[in-house]
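[1] Turn this into a model:
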Amino acid sequence: MKIGVLGAGQLGRMLAISGYPLNHQFGFSGNSTDEPSALLGHMFALEDNKDNIESLVAFADVITYESENTDVAIVKEISNNIPVYPGEKSLFTTQHRGREKALFDQLNIPCAPYQMVDSEADLKTAVEQIGLPAILKTATEGYDGKGQFLMRDESQITEAWQSMNGVESILEGFVNFKRELSLIAVRGIDNDHKYYPLVENTHHDGILRLTIAPAQAIEPDVQKTAEHYMQTLLDEMDHVGVLTIELFETEDGLVVNEMAPRVHNSGHWSIEGANTSQFENHVRAITGMPLGDTTPIHTFSAMVNIIGKNGPTEIALNMPNAHLHLYDKTERADRKLGHINITASTQAELTNSIEKLKDFLP
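    The predicted structure follows:
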(Lines give C-alpha, C1' and ligand atoms only; values in the text may rest on other atoms or scores of the structure.)
Protein backbone atom coordinates (compact mmCIF):
# COMPACT_ATOMS: atom_id res chain seq x y z
CA MET A 1 0.00 0.00 0.00
CA LYS A 2 0.94 3.64 -0.34
CA ILE A 3 1.14 5.18 3.12
CA GLY A 4 0.89 8.94 3.51
CA VAL A 5 2.38 10.49 6.65
CA LEU A 6 1.34 13.93 7.89
CA GLY A 7 4.77 15.13 8.94
CA ALA A 8 8.29 14.29 7.87
CA GLY A 9 10.31 13.99 11.07
CA GLN A 10 12.19 11.11 12.62
CA LEU A 11 9.05 9.13 13.48
CA GLY A 12 8.00 9.09 9.82
CA ARG A 13 11.56 8.17 8.91
CA MET A 14 11.51 5.12 11.18
CA LEU A 15 8.02 4.13 10.02
CA ALA A 16 9.33 4.04 6.45
CA ILE A 17 12.44 2.07 7.37
CA SER A 18 10.22 -0.56 9.01
CA GLY A 19 7.56 -0.51 6.29
CA TYR A 20 9.62 -0.97 3.14
CA PRO A 21 10.44 -4.66 3.84
CA LEU A 22 6.66 -5.22 3.96
CA ASN A 23 6.42 -3.87 0.40
CA HIS A 24 4.74 -0.57 1.28
CA GLN A 25 5.54 2.84 -0.20
CA PHE A 26 5.66 6.13 1.70
CA GLY A 27 4.90 9.77 1.11
CA PHE A 28 5.39 12.65 3.54
CA SER A 29 4.08 16.17 3.96
CA GLY A 30 6.52 18.70 5.37
CA ASN A 31 7.77 22.24 5.16
CA SER A 32 11.02 21.50 3.36
CA THR A 33 12.86 18.79 1.47
CA ASP A 34 15.63 18.53 4.08
CA GLU A 35 13.48 17.03 6.85
CA PRO A 36 14.47 13.62 8.31
CA SER A 37 12.00 11.66 6.16
CA ALA A 38 12.62 13.54 2.92
CA LEU A 39 14.87 10.96 1.25
CA LEU A 40 12.81 7.95 2.33
CA GLY A 41 9.76 8.47 0.11
CA HIS A 42 7.79 10.92 -1.97
CA MET A 43 8.15 14.33 -0.34
CA PHE A 44 5.19 16.69 -0.71
CA ALA A 45 6.74 19.94 0.48
CA LEU A 46 4.96 22.86 -1.12
CA GLU A 47 4.49 26.42 0.09
CA ASP A 48 0.68 26.12 0.04
CA ASN A 49 -0.21 23.69 2.83
CA LYS A 50 -3.59 22.76 1.32
CA ASP A 51 -1.99 21.79 -1.98
CA ASN A 52 0.62 19.88 0.00
CA ILE A 53 -2.08 17.79 1.72
CA GLU A 54 -4.13 17.31 -1.45
CA SER A 55 -1.06 15.95 -3.25
CA LEU A 56 -0.34 13.58 -0.39
CA VAL A 57 -3.93 12.31 -0.34
CA ALA A 58 -3.87 11.76 -4.10
CA PHE A 59 -0.77 9.62 -3.62
CA ALA A 60 -1.87 7.55 -0.62
CA ASP A 61 -4.10 4.55 0.12
CA VAL A 62 -4.06 5.28 3.86
CA ILE A 63 -2.93 8.25 5.97
CA THR A 64 -1.28 8.39 9.39
CA TYR A 65 0.40 11.19 11.34
CA GLU A 66 3.45 11.83 13.49
CA SER A 67 2.07 14.26 16.05
CA GLU A 68 -1.01 14.77 18.23
CA ASN A 69 -0.77 18.45 17.26
CA THR A 70 -1.95 17.62 13.74
CA ASP A 71 -4.94 19.72 12.62
CA VAL A 72 -8.14 17.78 13.37
CA ALA A 73 -10.00 19.60 10.58
CA ILE A 74 -7.48 18.35 8.03
CA VAL A 75 -7.79 14.77 9.29
CA LYS A 76 -11.60 15.00 9.21
CA GLU A 77 -11.53 16.25 5.62
CA ILE A 78 -9.07 13.60 4.49
CA SER A 79 -11.10 10.81 6.09
CA ASN A 80 -14.01 11.62 3.78
CA ASN A 81 -11.91 10.22 0.94
CA ILE A 82 -9.45 7.68 2.36
CA PRO A 83 -8.86 6.06 5.78
CA VAL A 84 -6.88 7.96 8.39
CA TYR A 85 -5.44 5.96 11.30
CA PRO A 86 -5.52 6.66 14.17
CA GLY A 87 -8.92 8.26 13.68
CA GLU A 88 -10.30 11.69 14.39
CA LYS A 89 -11.49 10.83 17.91
CA SER A 90 -8.02 9.75 19.05
CA LEU A 91 -6.47 12.92 17.67
CA PHE A 92 -9.17 15.25 19.04
CA THR A 93 -8.88 13.74 22.52
CA THR A 94 -5.12 13.49 22.89
CA GLN A 95 -4.23 16.95 21.59
CA HIS A 96 -6.02 18.65 24.49
CA ARG A 97 -5.05 17.85 28.08
CA GLY A 98 -8.49 18.74 29.42
CA ARG A 99 -10.31 16.38 27.05
CA GLU A 100 -7.72 13.71 27.81
CA LYS A 101 -8.21 13.99 31.58
CA ALA A 102 -12.00 14.04 31.16
CA LEU A 103 -11.79 10.75 29.26
CA PHE A 104 -9.66 9.24 32.02
CA ASP A 105 -12.33 10.29 34.53
CA GLN A 106 -15.12 8.88 32.34
CA LEU A 107 -13.36 5.51 32.11
CA ASN A 108 -12.38 5.41 35.81
CA ILE A 109 -8.68 5.58 35.00
CA PRO A 110 -6.72 7.21 37.85
CA CYS A 111 -5.08 10.54 36.98
CA ALA A 112 -3.86 13.60 38.86
CA PRO A 113 -6.47 16.09 40.14
CA TYR A 114 -6.87 18.91 37.63
CA GLN A 115 -8.66 22.15 36.89
CA MET A 116 -8.94 24.05 33.60
CA VAL A 117 -7.62 27.62 33.74
CA ASP A 118 -8.45 30.58 31.49
CA SER A 119 -7.29 33.51 33.61
CA GLU A 120 -5.15 34.44 36.58
CA ALA A 121 -8.31 34.46 38.72
CA ASP A 122 -9.07 30.90 37.52
CA LEU A 123 -5.55 29.87 38.47
CA LYS A 124 -5.91 31.30 41.97
CA THR A 125 -9.16 29.36 42.44
CA ALA A 126 -7.59 26.19 41.04
CA VAL A 127 -4.65 26.48 43.44
CA GLU A 128 -7.07 26.82 46.35
CA GLN A 129 -8.90 23.66 45.26
CA ILE A 130 -5.96 21.47 44.22
CA GLY A 131 -3.20 22.77 46.47
CA LEU A 132 0.54 23.05 45.88
CA PRO A 133 2.89 21.89 44.54
CA ALA A 134 1.15 21.65 41.18
CA ILE A 135 2.07 21.94 37.53
CA LEU A 136 0.49 24.50 35.20
CA LYS A 137 0.52 23.39 31.56
CA THR A 138 -0.84 24.73 28.30
CA ALA A 139 -3.94 22.74 27.33
CA THR A 140 -2.50 22.06 23.87
CA GLU A 141 0.81 21.75 22.03
CA GLY A 142 3.27 21.54 24.93
CA TYR A 143 5.80 18.71 24.70
CA ASP A 144 9.26 17.81 26.02
CA GLY A 145 8.72 20.03 29.03
CA LYS A 146 7.67 23.09 27.01
CA GLY A 147 4.62 25.08 28.08
CA GLN A 148 4.89 23.99 31.73
CA PHE A 149 5.43 25.81 35.03
CA LEU A 150 6.03 24.03 38.34
CA MET A 151 4.28 25.97 41.11
CA ARG A 152 5.47 25.57 44.69
CA ASP A 153 4.14 28.74 46.31
CA GLU A 154 1.08 30.99 45.91
CA SER A 155 3.43 33.93 45.29
CA GLN A 156 4.12 32.34 41.86
CA ILE A 157 0.53 32.62 40.62
CA THR A 158 1.05 35.78 38.54
CA GLU A 159 4.38 34.59 37.14
CA ALA A 160 2.96 31.18 36.28
CA TRP A 161 -0.06 32.58 34.47
CA GLN A 162 2.06 35.08 32.52
CA SER A 163 4.30 32.22 31.36
CA MET A 164 1.26 30.65 29.66
CA ASN A 165 0.90 33.76 27.43
CA GLY A 166 -2.84 33.88 28.02
CA VAL A 167 -3.70 30.54 26.42
CA GLU A 168 -6.08 27.99 27.89
CA SER A 169 -4.21 25.95 30.49
CA ILE A 170 -4.64 23.16 33.00
CA LEU A 171 -3.43 22.96 36.58
CA GLU A 172 -2.52 19.42 37.59
CA GLY A 173 -1.91 18.34 41.16
CA PHE A 174 1.59 17.09 41.81
CA VAL A 175 1.85 13.29 41.96
CA ASN A 176 4.31 11.80 44.42
CA PHE A 177 5.70 8.94 42.34
CA LYS A 178 8.41 6.31 42.65
CA ARG A 179 9.24 6.28 38.95
CA GLU A 180 7.89 7.15 35.52
CA LEU A 181 6.66 4.34 33.28
CA SER A 182 5.08 4.06 29.86
CA LEU A 183 3.09 1.42 28.04
CA ILE A 184 2.92 1.07 24.28
CA ALA A 185 0.22 -0.98 22.59
CA VAL A 186 -1.11 -1.47 19.09
CA ARG A 187 -4.67 -2.18 17.94
CA GLY A 188 -5.50 -3.52 14.51
CA ILE A 189 -8.42 -2.79 12.23
CA ASP A 190 -9.84 -6.19 13.29
CA ASN A 191 -9.71 -5.16 17.00
CA ASP A 192 -6.68 -7.34 17.75
CA HIS A 193 -4.58 -5.91 20.61
CA LYS A 194 -0.87 -6.32 21.36
CA TYR A 195 1.02 -4.89 24.32
CA TYR A 196 4.69 -4.18 24.91
CA PRO A 197 6.05 -4.50 28.45
CA LEU A 198 6.01 -1.49 30.75
CA VAL A 199 9.26 0.46 30.49
CA GLU A 200 10.95 2.86 32.91
CA ASN A 201 11.74 6.39 31.72
CA THR A 202 14.15 9.01 33.04
CA HIS A 203 13.60 12.64 32.02
CA HIS A 204 15.80 15.73 32.36
CA ASP A 205 14.35 19.21 31.87
CA GLY A 206 11.19 17.56 30.56
CA ILE A 207 13.00 15.61 27.82
CA LEU A 208 13.23 11.81 27.81
CA ARG A 209 16.88 10.81 28.15
CA LEU A 210 16.87 7.10 29.08
CA THR A 211 14.44 4.18 28.77
CA ILE A 212 14.96 0.76 30.38
CA ALA A 213 12.94 -2.11 28.91
CA PRO A 214 11.30 -3.97 30.44
CA ALA A 215 10.96 -1.92 33.61
CA GLN A 216 12.43 -3.97 36.43
CA ALA A 217 10.52 -5.31 39.45
CA ILE A 218 7.10 -4.93 37.82
CA GLU A 219 4.57 -7.30 39.35
CA PRO A 220 2.34 -9.14 36.84
CA ASP A 221 -0.79 -7.48 38.21
CA VAL A 222 0.75 -4.03 37.59
CA GLN A 223 1.34 -4.91 33.92
CA LYS A 224 -2.22 -6.26 33.72
CA THR A 225 -3.63 -3.08 35.27
CA ALA A 226 -1.76 -0.92 32.75
CA GLU A 227 -3.00 -3.13 29.90
CA HIS A 228 -6.57 -2.85 31.21
CA TYR A 229 -6.35 0.96 31.17
CA MET A 230 -4.84 0.81 27.69
CA GLN A 231 -7.47 -1.54 26.25
CA THR A 232 -10.25 0.62 27.67
CA LEU A 233 -8.78 3.67 25.92
CA LEU A 234 -8.08 1.86 22.65
CA ASP A 235 -11.62 0.55 22.42
CA GLU A 236 -13.33 3.75 23.57
CA MET A 237 -11.56 5.79 20.88
CA ASP A 238 -11.77 2.99 18.27
CA HIS A 239 -8.05 3.56 17.93
CA VAL A 240 -6.15 1.85 15.10
CA GLY A 241 -2.36 1.88 15.29
CA VAL A 242 0.04 2.47 18.15
CA LEU A 243 -1.09 4.26 21.32
CA THR A 244 1.18 5.25 24.20
CA ILE A 245 0.25 6.05 27.77
CA GLU A 246 2.69 7.60 30.24
CA LEU A 247 2.16 6.62 33.86
CA PHE A 248 3.43 7.30 37.36
CA GLU A 249 4.09 4.37 39.66
CA THR A 250 3.00 5.45 43.14
CA GLU A 251 2.61 3.83 46.55
CA ASP A 252 -1.12 3.54 45.79
CA GLY A 253 -0.78 2.09 42.27
CA LEU A 254 -0.57 3.45 38.74
CA VAL A 255 -1.64 6.98 37.84
CA VAL A 256 -1.96 7.82 34.14
CA ASN A 257 -0.30 11.09 33.16
CA GLU A 258 -1.00 11.50 29.44
CA MET A 259 -1.20 9.62 26.16
CA ALA A 260 0.07 9.95 22.60
CA PRO A 261 -1.75 8.56 19.53
CA ARG A 262 1.41 7.50 17.76
CA VAL A 263 4.73 5.72 17.93
CA HIS A 264 6.63 7.10 20.89
CA ASN A 265 10.17 7.94 21.97
CA SER A 266 9.96 5.46 24.86
CA GLY A 267 9.32 2.66 22.36
CA HIS A 268 12.43 3.14 20.22
CA TRP A 269 14.14 0.31 22.13
CA SER A 270 11.79 -2.11 20.35
CA ILE A 271 13.67 -1.73 17.04
CA GLU A 272 16.36 -4.12 18.28
CA GLY A 273 14.72 -5.21 21.51
CA ALA A 274 11.42 -6.84 20.48
CA ASN A 275 10.31 -9.40 17.93
CA THR A 276 8.34 -6.65 16.17
CA SER A 277 9.14 -2.98 16.63
CA GLN A 278 6.50 -0.38 17.45
CA PHE A 279 7.09 1.11 14.00
CA GLU A 280 6.48 -2.12 12.10
CA ASN A 281 3.40 -2.85 14.22
CA HIS A 282 1.95 0.60 13.49
CA VAL A 283 2.45 -0.01 9.78
CA ARG A 284 0.90 -3.47 10.07
CA ALA A 285 -2.10 -2.09 11.95
CA ILE A 286 -2.98 0.76 9.59
CA THR A 287 -2.61 -1.43 6.49
CA GLY A 288 -4.74 -4.29 7.83
CA MET A 289 -1.88 -6.76 8.23
CA PRO A 290 -1.69 -9.20 11.17
CA LEU A 291 -0.03 -7.62 14.19
CA GLY A 292 3.47 -8.80 15.08
CA ASP A 293 4.69 -10.38 18.30
CA THR A 294 5.72 -7.79 20.90
CA THR A 295 7.80 -10.10 23.11
CA PRO A 296 11.25 -8.75 24.07
CA ILE A 297 14.08 -10.77 22.58
CA HIS A 298 16.71 -9.74 25.15
CA THR A 299 16.69 -9.87 28.94
CA PHE A 300 17.40 -6.14 29.01
CA SER A 301 17.16 -3.32 26.48
CA ALA A 302 17.76 0.39 26.86
CA MET A 303 17.44 3.52 24.78
CA VAL A 304 19.65 6.58 25.23
CA ASN A 305 18.51 9.76 23.48
CA ILE A 306 21.03 11.95 21.67
CA ILE A 307 20.05 15.53 22.46
CA GLY A 308 21.41 18.83 21.14
CA LYS A 309 24.76 17.57 19.81
CA ASN A 310 25.64 14.32 18.07
CA GLY A 311 28.53 13.77 20.47
CA PRO A 312 31.05 10.90 20.44
CA THR A 313 28.97 8.42 18.45
CA GLU A 314 32.08 6.31 17.75
CA ILE A 315 31.72 5.03 21.30
CA ALA A 316 28.44 3.35 20.37
CA LEU A 317 29.86 2.07 17.10
CA ASN A 318 32.62 0.31 19.02
CA MET A 319 30.17 -1.43 21.37
CA PRO A 320 29.01 -4.86 20.13
CA ASN A 321 25.63 -4.51 21.88
CA ALA A 322 24.86 -0.91 20.87
CA HIS A 323 22.90 0.24 17.82
CA LEU A 324 23.17 3.83 16.60
CA HIS A 325 20.18 5.59 15.02
CA LEU A 326 20.77 9.13 13.72
CA TYR A 327 17.96 11.21 12.21
CA ASP A 328 19.87 13.43 9.73
CA LYS A 329 19.06 16.58 11.73
CA THR A 330 21.23 19.62 12.36
CA GLU A 331 22.46 20.21 15.88
CA ARG A 332 20.43 22.55 18.08
CA ALA A 333 19.92 22.88 21.81
CA ASP A 334 17.40 20.35 23.19
CA ARG A 335 16.75 18.86 19.74
CA LYS A 336 16.37 15.08 19.42
CA LEU A 337 19.09 14.12 16.94
CA GLY A 338 19.06 10.36 17.34
CA HIS A 339 19.17 7.55 19.84
CA ILE A 340 21.32 4.58 20.82
CA ASN A 341 19.73 1.22 21.60
CA ILE A 342 21.47 -1.21 23.93
CA THR A 343 20.79 -4.91 24.39
CA ALA A 344 22.11 -6.89 27.36
CA SER A 345 21.90 -10.33 28.94
CA THR A 346 22.59 -9.26 32.52
CA GLN A 347 22.01 -6.27 34.77
CA ALA A 348 25.78 -5.79 35.03
CA GLU A 349 26.14 -5.70 31.25
CA LEU A 350 23.32 -3.17 30.99
CA THR A 351 24.77 -0.94 33.70
CA ASN A 352 28.24 -1.11 32.18
CA SER A 353 26.90 -0.26 28.72
CA ILE A 354 24.97 2.76 29.97
CA GLU A 355 28.10 3.92 31.81
CA LYS A 356 30.05 3.80 28.53
CA LEU A 357 27.43 6.15 27.03
CA LYS A 358 27.50 8.61 29.95
CA ASP A 359 28.62 11.43 27.62
CA PHE A 360 25.12 11.35 26.11
CA LEU A 361 23.35 11.58 29.47
CA PRO A 362 22.91 14.67 31.69
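
[2] any idea how the chain splits into domains?
    Structural domains of the chain, as assigned by automatic domain parsing, span the residue ranges 2-84, 113-173, 179-360.

[3] wait, which of the ones you listed is closest to residue 90?
    domain 179-360 (4.2 Å; CB to CB). Backbone N, C-alpha and C define where each C-beta goes, glycine included.

[4] so where's the stretch 51-200 of the chain shaky on pLDDT?
    142-145 (pLDDT under 70).

[5] where do the helices sit along it?
    72-78, 88-94, 97-106, 120-130, 157-163 (DSSP state H, counting those that start in this stretch).

[6] coming back round to it: which of the domains of the chain sits closest to residue 107?
    Set against residue 107 and scored by CB to CB, these come closest in domain 179-360, at 5.0 Å.

[7] Could you pull out the helices in the stretch 201-350 of the chain for me?
    Using DSSP H, counting those that start in this stretch, the helices of the stretch 201-350 of the chain run over 220-236, 270-273, 278-286, 314-317, 347-356.

[8] tell me what the third one is packed against?
    Under the contact criterion of 3 or more CB pairs under 8 Å, 6 or more residues apart in numbering; DSSP states H and E, the helices and strands touching helix 278-286 comprise helix 10-19, strand 62-65, strand 179-187, strand 241-250, helix 270-273.

[9] Does residue 250 touch residue 180 like I think?
    No. The pair residue 250 / residue 180 is not scored as a contact, 10.8 Å apart, by CB atoms under 8 Å.

[10] When those two are compared, which one has more neighbours?
    residue 180 (20 against 14; other CB atoms under 10 Å).

[11] Show me what that one is bridged to.
    Per DSSP bridges, the residues bridged to residue 180 are residue 201, residue 248.

[12] could the helices of the stretch 201-350 of the chain go into a markdown table alongside distance to residue 163, mean pLDDT and mean neighbour count?
    Output for the helices of the stretch 201-350 of the chain, formatted as a markdown table (distance: least, CB to CB, whole Å; pLDDT from 0 to 100; neighbours: other CB atoms under 10 Å):
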| stretch | distance to residue 163 | mean pLDDT | mean neighbour count |
| --- | --- | --- | --- |
| helix 220-236 | 30 | 98 | 17 |
| helix 270-273 | 36 | 98 | 23 |
| helix 278-286 | 34 | 99 | 27 |
| helix 314-317 | 37 | 98 | 15 |
| helix 347-356 | 34 | 98 | 15 |
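
[13] Would you convert the ones you listed into a markdown table that also reports distance to residue 141?
    As requested, the helices of the stretch 201-350 of the chain are arranged in a markdown table below (distance: least, CB to CB, whole Å):
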| stretch | distance to residue 141 |
| --- | --- |
| helix 220-236 | 21 |
| helix 270-273 | 27 |
| helix 278-286 | 22 |
| helix 314-317 | 33 |
| helix 347-356 | 32 |
